[in-house]
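Colleague: Return a 3D structure for these sequence lines:
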Amino acid sequence: MTIRTLTTPPSAAEAEAWLAVLTAAQAVDLPQLPPPSRTEVVGRLRVAPARGRAALWAADEGVAGLLLFTDEANRHTAFLDVLAVRPDARRRGLGTALWQRVRERLLSEGRSSVSALVALGGPGEAFARSLGFANVLHMAWYVQDVPAVLPPRPDVPAGYAMLCWPGLVPDAWAAAAARAHAAMEDAPSGELDERIEPWTPRRLHAAQQLVLDRGGALTTVAAVTPGGEVAAYTELVLPDPTGPRAVQYDTVVVPEHRGRGLGRAVKLRMLAEVSARHPSLATIGTTVADENTPMRAVNGSLGYRRERDTGYFQFTL
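Modeller: Got it, this is the predicted structure:
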């Protein structure tokens, strides 16, 4: 087998071959999901990550992609974004050979650990465990159907106003939104080595611009106070704006504003906003750590159902 180190960005032909591998693998491993979107896959290959450098490898029947963090807090670790082999080519050593390329790069970069998001109960988990990965944060994907007829827009909790920002958060609100993002620090993170980088307006806009540059659509809904504070927010991303599925990114309520229904309120307002903007949207998926009981309760009240178990797996070099 021949494994090639791809340039970044890869050529159009290499991107199409990458998409073909992911499509074949997902059809067998996660048949309940829509096939990978060309817009999303090619966008991720074409546009460099905001937080680091990508390293890519490909064979005719398998691919691997690694994110090497470049922020000072995380130069010790990395994220294995993808390692996939076509089902008809498995159990021939290609997956292990791709992993060896990844491991060699990690060692050459002086990284002490690498993490990956792995579906539980399938071939991905078995392969990860065979390499020595361990599940350090138990999670699950939850999914919500977008109703054809939305319920009436809920009342805004007293003392707050709701704002909606398609695309980048406006400059006037960027500092307040960045401060609210810092409240994610108390979200469950298990034993992950990855550390939280401080949120600034610049980092916030860079992360949001990355979604747009890769061809996706982003919407933020925030509950704000008369004093200019972002008390709660939720972010929704459509990796492919014409596709049937969106991903709920962060939903955060700043600690001093909890217990007032803001998490549910911003999610309901988001549902109304994206339904109007993206009529082809059918479902919204999100990941929640098993130990995050408050967010699981909010999602349950909105009709989210547990779709599949997953976990952050970590390997220590």
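Colleague: Touching, Arg195 and Arg75? I think so.
Modeller: No. With contacts counted by Cβ atoms under 8 Å, Arg195 stays clear of Arg75, the gap being 10.2 Å. All C-beta atoms are positioned from the backbone trio N, CA, C, and that covers glycine.
Colleague: okay, which residue is most central for this protein?
Modeller: When the chain is reduced to its mean C-alpha position, the nearest residue by Cα atoms, centre = their mean turns out to be Tyr249, at 6.7 Å.
Colleague: how close does that one get to Ala265?
Modeller: Remark: distance between Tyr249 and Ala265 (Cβ to Cβ, to the nearest Å) = 17 Å.
Colleague: swap in His278?
Modeller: His278 sits at a distance of 21 Å from Ala265 (criterion: Cβ to Cβ).
Colleague: Compare the two (neighbour count), which wins?
Modeller: For the pair His278 and Ala265, the greater number of neighbours falls to Ala265 (23 against 19), based on other Cβ atoms under 10 Å.
Colleague: how near is that one to Ala172?
Modeller: For Ala265, the distance to Ala172 (Cβ to Cβ) stands at 22 Å.
Colleague: State the helix or strand in which Ala55 lies.
Modeller: Ala55 belongs to strand 52-59 when assigned by DSSP states H and E.
Colleague: After that strand, which helix or strand is next?
Modeller: Next helix or strand after strand 52-59 toward the C-terminus (DSSP H and E): strand 62-69.
Colleague: All the strands of this protein, in order from the start?
Modeller: 4-6, 52-59, 62-69, 78-85, 113-119, 134-145, 161-166, 217-224, 230-238, 245-253, 283-289, 305-316 (DSSP state E).
Colleague: Mind naming the longest helix for the chain?
Modeller: Scanning the chain for the helix with the most residues, using DSSP state H, yields helix 12-29.
Colleague: Show me the contact partners of that one.
Modeller: Here helix 12-29 makes contact (Cβ atoms under 8 Å, 6 or more residues apart in numbering) with 6, 9-10, 33, 35-36, 38, 41-42, 45-46, 58, 60-63, 82, 84-88, 119, 122-124.
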